[in-house]
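**Q** Can you look at this prediction? I've put the sequence above it.
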Amino acid sequence: MLALRPSCENCNKLLPPDSKQAMICTYECTFCRDCVENVLMGVCPNCGGNFVSRPIRPAKMLIKHPASTDVVFKPVNK
């Protein structure tokens, strides 16, 4: 099950579970669409993989399986 991390690893932008701006790689590295397209150029800095839109977990399922609250913040250009 996806962790649904709460924010972009690069810019720390909030990415709630229903965000259409959240992108993930095969290891669930999580970035906002803006960072993926304009900073990372579509390549995950952690694993070298590509990104896809993160699925949205239905609200009723968030009750049973809540999103992660663990923030991963590793800015690429800092």
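**A** Structure received.

**Q** how about low-confidence regions in the chain?
**A** Flagging of the chain using pLDDT under 70 yields the residue ranges 78.

**Q** Report the central residue of it.
**A** residue 30 (2.3 Å; Cα atoms, centre = their mean).

**Q** Tell me how far it lies from residue 40.
**A** Residue 30 sits at a distance of 12 Å from residue 40 (criterion: Cβ to Cβ, to the nearest Å). Every residue, glycine included, has its C-beta placed from N, CA and C.

**Q** Double-check the residue nearest to the centre of the chain against residue 70; I have them as touching.
**A** No. Taking contact to mean Cβ atoms under 8 Å, the distance of 10.4 Å between residue 30 and residue 70 leaves them out of contact.

**Q** list residues touching both of the two?
**A** Contact criterion Cβ atoms under 8 Å, 6 or more residues apart in numbering; residues shared by residue 30 and residue 70: residue 5.

**Q** For the residue nearest to residue 26 when sequence neighbours are not counted, list the residues it contacts.
**A** Counting by Cβ to Cβ, 6 or more residues apart in numbering, the nearest residue to residue 26 once its immediate chain neighbours are dropped is residue 49, at 5.0 Å. Residues near residue 49 by Cβ under 8 Å, 6+ apart: 25-27, 43.

**Q** repeat that for 10 Å
**A** 24-27, 29, 42-43 (Cβ atoms under 10 Å, 6 or more residues apart in numbering).

**Q** And residue 64, by the same measure?
**A** Residues in contact with residue 64 (Cβ under 10 Å, 6+ apart) are residue 57.

**Q** how much space between it and residue 1?
**A** Taking Cβ to Cβ as the criterion, residue 64 is separated from residue 1 by 10 Å.
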